[in-house]
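Novice: Quick one, fold the following:
(one chain, ligands or ions: 1)
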Amino acid sequence: MIDKSSLPDSVWAATAPLPIETYPLEEDISTEVVIIGGGYTGLSTALHLGPDICPVVLESNDIGYGASGRNNGLVIPTLSKADPEEIIRTYGKEKGEQTIALIRDSASLVFDLIRKHNMEKAGEQNGWIQPAHSPGRMKLVEKRVKEWGDRGLKVDLLEREQLEKITGSKAWFGGWIAHEGGTVHPMAYVRGLAKAASSLGAKIYTNSPALSLICDNDHWIVKTENGSVKASRIVLATNAYTDDLWPRLRRTFVPVKTWQMATKPLSDNVRKTVLPGRHGLSDTRGDLEFARYDWDGRLVSGASLIFDFNSEERLKEHVGKRLQKNFPQIGEVEWEFIWNGFLSMTTDYLPRLHVLAPGVFTWLGCNGRGVALSTAMGAVLADLVRGQSINDAPLPVTDLKTVPGHGLVTRFARTSLLNRRISDRKELNLE
Ligand SMILES: Cc1cc2nc3c(=O)[nH]c(=O)nc-3n(C[C@H](O)[C@H](O)[C@H](O)COP(=O)(O)OP(=O)(O)OC[C@H]3O[C@@H](n4cnc5c(N)ncnc54)[C@H](O)[C@@H]3O)c2cc1C
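Specialist: Coordinates of the predicted model:
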């Protein structure tokens, strides 16, 4: 069950610049486009529609309440599983190349928006690193460098010594860097998007859950508790936080809870040897190991758990040990913040783009790589809203397909972590 009450006690909520002032919707209004969800997808869509179309954005809670205010902030211009050749095998040559170009350019889009709209302390484009956790995984790294490099992404293979120098860790066997990647302050970035969209004319209402969508001839009525919006087009930008607003949508993906945590600020001396270039990294494990700094020198990492029992204490110990294994020079790890959020996972780890009814658009399935992708999907959704043919969208538009046994799959989704941990270890033992 997703708690919809308030912003989590995250380092991002505690350290972000203040949001623009917003209020609940308390009247009946008309507009061309209504966007439901105030995260990267919804606000990027609003920004890409302005200034000629001024949409209304409805957010259940505060801006960035969903995954956009809770994530690790790694800006990654790739998908979590499929690389370019697989994308082409799945989508065909023409659509596949369009999808690849969308993903390749997605990180730069994030940082271009940050620079263009002067978003305060929102991001650092200094590259994203993926270290290999076993010698065998260097083959995957080499494949990624080749396939993404051939498609124009600026990438470099990092031999073990180079990786050690750039990360300050001997724990990995080499890796690669995507130079257009980097990190965002997730909440500063989502609030920056809200400010930019609002300056171009978007009207953003918070604490205004969309409660129902009613089709009335050629337009839609979106009802909130104390108001309504009449619009001809709708973007559902609710992702893992999707509720029952649109029939079956919630059952087309699996929401997976993952945890984030931030240390107290590390000393200057430690920071000189742990990720000295402030790069963000996430490795090749199925049970991902990842870390990045916030602006004050806190290391932000996290993990998933199979069971919720005594979560915070178990996580502090587990992730603390992981950090010490990767960076022994860090010493005792003291945690300052811990929070969690939900990811939307699809069964094939590919994103989905849907036209739910004429004029009603959505995408889902970030599979853990949604900072850059949601921003790029905002631009895609804005084009569709403007009337672009679905054939020209850079992702195939597909019908809704619910996950068979959705209730059970959701309940037991986190047990797959066990398999991932076993295969991570097996790989190390085999090599
Ligand atoms: C813990 C965690 C770590 C992550 N780390 C990374 C990372 O390092 N790098 C990366 O690329 N990706 C990461 N992701 C994924 C990334 O954060 C998401 O893909 C991205 O933020 C999704 O943005 P969004 O706008 O589509 O959805 P969200 O930000 O989830 O926004 C959906 C919004 O819709 C609102 N909503 C829902 N129902 C209604 C309704 N009926 N009416 C009005 N509003 C409604 C919700 O309140 C919510 O604010 C992470 C995700 C999590 C949870």
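Novice: Could you give the number of residues near the closest residue to P8 other than its chain neighbours?
Specialist: Sequence neighbours aside, W339 is the residue nearest to P8 in space, at 3.9 Å (criterion: Cβ to Cβ, 6 or more residues apart in numbering). Yep, even glycine has a C-beta here, placed from its N, CA and C like the rest. A count of nearby residues for W339, using other Cβ atoms under 10 Å, gives 19.
Novice: got it, and K195?
Specialist: So K195, with other Cβ under 10 Å, has 21 neighbours.
Novice: swap in E21?
Specialist: 8.
Novice: do W295 as well
Specialist: 13.
Novice: Name the SS class of it, please.
Specialist: Secondary structure, DSSP: H, G, I helix; E, B strand; the rest coil: W295 is coil.
Novice: contacting residues around it?
Specialist: W295 is in contact with T15, K121, H185, counting by Cβ atoms under 8 Å, 6 or more residues apart in numbering.
Novice: measure the first one to the ligand for me?
Specialist: I take that to be T15. 17 Å (Cβ to the nearest ligand atom, to the nearest Å).
Novice: hang on, that residue packs against G297?
Specialist: No: using Cβ atoms under 8 Å, T15 is not in contact with G297, being 11.7 Å away.
Novice: Just to check, the residue nearest to P8 is in contact with W259?
Specialist: Yes: W339 lies in contact with W259 (Cβ under 8 Å); the separation is 7.4 Å.
Novice: and the nearest residue to K203 once chain neighbours are set aside, bridged to which residues?
Specialist: Counting by Cβ to Cβ, 6+ apart, the nearest residue to K203 once its immediate chain neighbours are dropped is V56, at 4.9 Å. Taking DSSP bridges, one obtains V34, K203 as the residues bridged to V56.
Novice: 117 is where my numbering starts, stick with that
Specialist: Understood, numbering begins at 117; the last thing we discussed is V172.
Novice: Would you enumerate the residues in contact with V172?
Specialist: L141, I145, T147, V149, V150, I151, A318, K319, I320, Y321, V345, A347.
Novice: Show me which of the residues you listed are buried.
Specialist: L141, T147, V149, V150, I151, A318, K319, I320, Y321, V345, A347 (16 or more other Cβ atoms under 10 Å).
Novice: Next, format these as CSV and append distance to K437.
Specialist: As requested, the buried ones among the contacts of V172 are arranged in CSV below (distance: Cβ to Cβ, whole Å):
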residue, distance to K437
L141, 47
T147, 52
V149, 49
V150, 47
I151, 42
A318, 45
K319, 48
I320, 42
Y321, 44
V345, 50
A347, 51
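Novice: Just say helix, strand or coil for A310.
Specialist: Going by three-state DSSP: A310 is helix.
Novice: Tell me how many other residues surround it.
Specialist: A310, neighbours per other Cβ under 10 Å, totals 27.
Novice: try G457
Specialist: G457: 25 surrounding residues under other Cβ under 10 Å.
Novice: Can you report phi and psi for it?
Specialist: Taking degrees, to the nearest 10, you get phi -160, psi 180 for the backbone angles of G457.
Novice: Any idea what it is bridged to?
Specialist: Beta-bridge partners, per DSSP bridges, of G457: T374.
Novice: Quick check: pLDDT value at the one residue in the chain that gets nearest to the ligand.
Specialist: Of all residues in the chain, G486 sits closest to the ligand, at 1.7 Å by Cβ to the nearest ligand atom. G486 is assigned 96 on the pLDDT scale.
Novice: Return the residues in contact with it.
Specialist: Y156, A183, N187, N355, L459.
Novice: quick one: which of these sit in helices?
Specialist: If you go by DSSP state H, those have Y156 in helices.
Novice: Among the contacts of G486, which ones lie close to the ligand?
Specialist: By Cβ under 6 Å from any ligand atom, the members of these lying near the ligand are Y156, A183, N187, N355, L459.
Novice: any idea which of those residues has the most stuff around it?
Specialist: Busiest of these [other Cβ under 10 Å] is Y156, holding 32 neighbours.
Novice: who's in contact with that residue?
Specialist: With Cβ under 8 Å, 6+ apart, Y156 has these contacts: S184, Y305, V306, L309, G486, V487, S490, T491, G494.
Novice: Quick check: the farthest pair among the ones next to the ligand among the contacts of G486?
Specialist: Spanning the widest gap among these are Y156 and L459, at 13.3 Å by Cβ to Cβ.
Novice: How far does the one helix or strand L159 maps to sit from its chain's centre?
Specialist: Using DSSP states H and E, L159 sits within helix 156-165. What separates the centre of helix 156-165 from the centre of its chain is 14 Å, taken as Cα atoms, centre = their mean, to the nearest Å.
Novice: re earlier: filter the contacts of G486 down to just the ones in strands.
Specialist: Using DSSP state E, the members of the contacts of G486 that fall within strands are L459.
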